[in-house]
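>>> Everything below, folded, please.
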Amino acid sequence: MKFATATTAIAAAFLAVILPSHAFARPSFGLLPRSSSSTVVNYDAVSRGGGASSAITSSSSSSMQMSSSTETTASNEVVTIPTTPIEGMRPGTSGLRKKVEVWMGEHYVENFIQSLIDTAVDANGGKMLDTIVVAGDGRYYNNEAIQTIARLLAANGIKNIWIPQSGIMSTPAVSAVIRRRTLDGTGNDGEGLAQGGIVLTASHNPGGPGEDFGIKYNEGLGQPAGEEFTEALYEKTLKLTSYKTISENSPEIDIVGAPVGTEYQLTPTSTVTIIDPFHNYLDALKSCFDFDQLRKFGAREGFSMIFDGMHGAGGQFAQRVLVEELGLPPSSLMRCNPLPDFGKCHPDPNLTYASELVKKMGLLSDGGADPSLDISTLPALGAANDGDGDRNLIAGAGFFVTPSDSMALICDNWESIPQFAQRGGLNGVARSMPSSAALDVVAEARGIPCFVTPTGWKFFGNLMSSKESFDGRDYGPFLCGEESFGTGSDHVREKDGLWAVLAWMSILSKANEGVSDGSALVGVKDIVTSHWAKYGRHFYCRYDYEGVDTDDANQVMDMIREKFVNGDTSSLEASDSGIKLEDAVEFSYTDPVDGSQTSNQGLILNFKLASGDPARVVFRLSGTGSAGATVRMYLEQYEKDSSKHDMSAPVALKDLAEEALRLVQMEKTTGRDAPTVIT
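Coordinates of the predicted model:
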């Protein structure tokens, strides 16, 4: 498709977002030890022998069976515990998140998991599931909750319960296990035996006492559970009267110390297996990228990298991939040891919370370059993960790449990534509605179907699995992402921070193929600024007002809806800076794969700048917090004049932000005179 003018394309984008029936086509703003044999822990022996160590014997998993006498032992007796419904268990965009002390309350984990099991059984045609993965991001209460969950799964009759050694696994790695792992631990994409995964994470939220904990469920293709599932789960929590578990005096599973392959026979029909957390995920990444080429590029003079794991689950995967597989020096890693409280940091890979990495990359807090530093002395590539390893931050020397620009750049450089190039390019791309339309413009220019969905990775799941689940159109290879530092593809059914890092390494490697040894390498800034010169720049910024009183937050949204979406905006005058509100809409979405409808997904104020170019501001309440409400304001304006592309986004968007905040009376309603975080 020939690219005409960015202005025309982007103007169409503002119009397209108000038409939920148009799902695509036009841009719219709308390492650890391994064991070849298994160790079986017989809980009948444990109950008589007095300790787990006395019950461990080495044997192949196929030759050692659990004695039927264990059914009557006190240590693993299945019991039914009476309970009552607990309010407030409706999952948000990515599972249920609460303060950890709430989860530690009586019956809380048990009620939620029993409701989840019952919902999964209903979704499976009334049949009990056979195999489930249980893993977490390592935050405070991770392993205790895994013990509880394993007992419930076993008591309900789930045959195979897979838990990674240490209990820690990144969210994309869980998806890879679901999609790939067979009984011998190997397997190709689509061969996986697990019918679901229970993921213990509150993603980018803080962990530790007084902080957040969460549980989400991934279905049989590795994708986050959809709204139909989560609503059914919530309804079951309101009616629950009992749950099944194994008696409390059953021995604990040695999650941390047991070798890979160790099996725990919890009941005569249910077995916990300690699995390798890395193998299937590493296979998934190797199916996407040329590791030999990346290893060579990583060793080139002039290239260095720094990766911030933020003490989350992704750190150990970065060690395995970047250091052990690609040969980068261990000094390339920072904060890559998982900690229950993330080292007291907020594990959200943005300019505010990844401040140490930001400084090391020669950046100021607003994403602009620090003029006091010599960029030639800085790492060529910087990256960060969040708590569960699915989000990413990308930066070059003295240059920050916004998540929306990152998606657009990966799309435009698909030839650099073997996963896409070997299949002739991308067959589909998608972004969340609040993300900028930078992706849309590239997709239109390159003739790639582009979808705009509500926020939440589950909405990408149907598109990625259109053929697999619905015998519909195959959109793979597929690229998707969110403005909240999430990028991914159809190698798994989750966003994947490490995948995005390897995608950028691949782009840099390709861009430097003709650069001779000893010459300055083409850098991240060179690639992005060339992209802007071709397509124009989408200045983009997000203001987060965290912990707002829920009533005040709802009042802000209600006022926008009443005054601007349902009201008359034609009489409003332009601001002193020439910014005029043109109209306002509320985003809704009709899924092009299964026809399901989702409404109330964000309020969009469409503006016209003094230059005549479009701009927009989106207001949305976040569903990822555990207390109060987070009001998010997303700002975007298009700039085709390349002489203005070097401005920092907060400076370029200052007038638009002031006008939007004035119109919605943010300070008057919430008492907040500034956002908590600007990203």
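>>> Secondary structure of Ile394: a strand, I assume?
Yes - the assignment for Ile394 is a strand, going by DSSP: H, G, I helix; E, B strand; the rest coil.
>>> That one - how many residues pack around it?
For Ile394, the count of nearby residues is 28 (other Cβ atoms under 10 Å). (C-beta placed from N, C-alpha, C; glycine too.)
>>> For it, give its distance to Ala430.
19 Å (Cβ to Cβ, to the nearest Å).
>>> Could you do Leu152 as well?
35 Å.
>>> Looking only at neighbour counts, state which of these two leads.
Ala430 (25 against 22).
>>> Name all residues that make contact with the more buried one.
The contact partners of Ala430, taken as Cβ atoms under 8 Å, 6 or more residues apart in numbering, are 24, 450-453, 459-460, 463, 478-481.
>>> Leu193 is in contact with Arg180, correct?
No - using Cβ atoms under 8 Å, Arg180 is not in contact with Leu193, being 9.5 Å away.
>>> Give me the common contacts of those two.
By Cβ under 8 Å, 6+ apart, the residues touching both Arg180 and Leu193 are Gly187.
>>> Looking at the two, which is more packed in?
Under the criterion of other Cβ under 10 Å, the comparison of Arg180 against Leu193 puts Arg180 first, with 25 against 16.
>>> Can you read off the backbone torsions of the more buried one?
phi -120, psi -30 (degrees, to the nearest 10).
>>> need the contact list for it.
186-192, 280, 283-284.
>>> Tabulate the residues you listed (a markdown table), appending secondary structure.
Conversion of those to a markdown table gives the following (three-state DSSP):
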| residue | secondary structure |
| --- | --- |
| Thr186 | coil |
| Gly187 | coil |
| Asn188 | coil |
| Asp189 | coil |
| Gly190 | coil |
| Glu191 | coil |
| Gly192 | coil |
| Asn280 | helix |
| Asp283 | helix |
| Ala284 | helix |
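>>> Emit the ChimeraX select command for whichever of those are buried.
Of these, the buried ones go into a single ChimeraX selection, burial set by 16 or more other Cβ atoms under 10 Å:
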select :187,189,192,280,283,284
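>>> can you tell me which two in the contacts of Arg180 are farthest apart?
Thr186 and Gly190 (13.3 Å; Cβ to Cβ).
>>> Any chance you could list what contacts stretch 355-362?
For stretch 355-362, the surrounding residues in contact (Cβ under 8 Å, 6+ apart) are 306, 308, 334, 351, 364-365, 369-370, 373, 375, 378-379, 382, 384, 393, 395-400.
>>> can we see that at 7 Å?
306, 308, 351, 365, 369-370, 373, 375, 378-379, 382, 384, 395, 397-398 (Cβ atoms under 7 Å, 6 or more residues apart in numbering).
>>> any chance you could map the strands in the stretch 501-650 of the chain?
Assigned strands in the stretch 501-650 of the chain, in chain order: 537-548, 580-586, 589-590, 597-598, 603-608, 614-621, 629-639 (criterion: DSSP state E, counting those that start in this stretch).
>>> I'd like to know which of those lies nearest to Glu87.
That would be strand 629-639 among those, by Cβ to Cβ, at 17.5 Å.
>>> Parallel or antiparallel, which strands does that closest one pair with?
strand 537-548 (antiparallel), strand 614-621 (antiparallel) (DSSP bridges).
>>> How much space separates the closest residue to Thr119 other than its chain neighbours from Ala225?
Nearest residue to Thr119 in three dimensions, chain neighbours excluded: Leu233, at 4.4 Å (Cβ to Cβ, 6 or more residues apart in numbering). Computed as Cβ to Cβ, the Leu233 to Ala225 distance reads 8 Å.
>>> circling back to that earlier point, I'd like the strands of the stretch 501-650 of the chain written out as JSON lines, with distance to Gly488 added.
Formatted as JSON lines, the strands of the stretch 501-650 of the chain follow (distance: least, Cβ to Cβ, whole Å):
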{"stretch": "strand 537-548", "distance to Gly488": "19"}
{"stretch": "strand 580-586", "distance to Gly488": "27"}
{"stretch": "strand 589-590", "distance to Gly488": "19"}
{"stretch": "strand 597-598", "distance to Gly488": "20"}
{"stretch": "strand 603-608", "distance to Gly488": "25"}
{"stretch": "strand 614-621", "distance to Gly488": "21"}
{"stretch": "strand 629-639", "distance to Gly488": "20"}
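>>> Can you mark which positions in the helix or strand where Val79 lies are buried?
Using DSSP states H and E, Val79 falls within strand 78-82. Within strand 78-82, the residues scored as buried using 16+ other Cβ under 10 Å are 78, 81.
>>> what's the answer for stretch 357-370, then?
So for stretch 357-370, counting by 16+ other Cβ under 10 Å, buried means 357-358, 360-364, 367-369.
>>> Lys668: which of the residues you listed is nearest?
Closest approach to Lys668 among the buried residues of stretch 357-370 (Cβ to Cβ): Gly367, at 29.3 Å.
>>> Am I right that that closest one is in contact with Leu351?
Yes - using Cβ atoms under 7 Å, Gly367 is in contact with Leu351, at 5.5 Å.
>>> Now do the shared contacts for these two.
Contacts common to Gly367 and Leu351, judged by Cβ under 7 Å, 6+ apart, are Phe400.
>>> what's the burial count for the nearest residue to Val199 once chain neighbours are set aside?
Leaving aside its chain neighbours, Val199 sits nearest to Lys216 (4.9 Å; criterion: Cβ to Cβ, 6+ apart). Residues lying near Lys216 (other Cβ under 10 Å) number 27.
>>> same check, this time on Ser372
Neighbourhood size, Ser372 [other Cβ under 10 Å]: 7.
>>> separation between it and Pro449?
45 Å.
>>> Ok, Ser355 next?
Applying Cβ to Cβ to Ser355 and Pro449 gives a distance of 38 Å.
>>> Kindly indicate which of the contacts of Ala430 lies nearest Leu656.
The closest of the contacts of Ala430, once distances to Leu656 are taken by Cβ to Cβ, is Val452, at 20.7 Å.
>>> Check which helices and strands the helix or strand hosting that closest one is in contact with.
Per DSSP H and E, Val452 falls inside strand 450-453. Applying 3 or more Cβ pairs under 7 Å, 6 or more residues apart in numbering; DSSP states H and E, we find strand 450-453 packed against strand 428-432, helix 438-446, helix 458-464.
>>> Distance from the first one to the middle of the chain?
Using Cα atoms, centre = their mean, to the nearest Å, we find the averaged C-alpha position of strand 428-432 to lie 14 Å away from the chain's own average C-alpha position.
>>> what is the orientation angle of it with helix 438-446?
160 degrees (axes from the mean of the first three to the mean of the last three Cα atoms, to 10 degrees).
>>> For the stretch 551-679 of the chain, give me the ranges with low pLDDT.
Scanning the stretch 551-679 of the chain with the threshold set as pLDDT under 70 gives 623-627.
>>> and what of the stretch 1-150 of the chain?
Counting by pLDDT under 70, the low-confidence segments of the stretch 1-150 of the chain come to 1-75.
>>> Going along the chain, name the strands of it.
38-42, 56-59, 78-82, 96-99, 131-136.
>>> what does the last one contact?
Think strand 131-136. Contact with strand 131-136 is made by 142, 146, 149-150, 153, 158-164, 167-169, 174, 177-178, 193-201, as judged by Cβ under 7 Å, 6+ apart.
>>> So for it, what gets flagged as buried?
Buried-residue list, strand 131-136, by 16+ other Cβ under 10 Å: 131-136.
>>> Would you tell me which of the helices and strands packed on strand 450-453 gets closest to Ala649?
helix 438-446 (12.3 Å).
>>> What's the mean pLDDT across that closest one?
On average, the pLDDT along helix 438-446 is 98.
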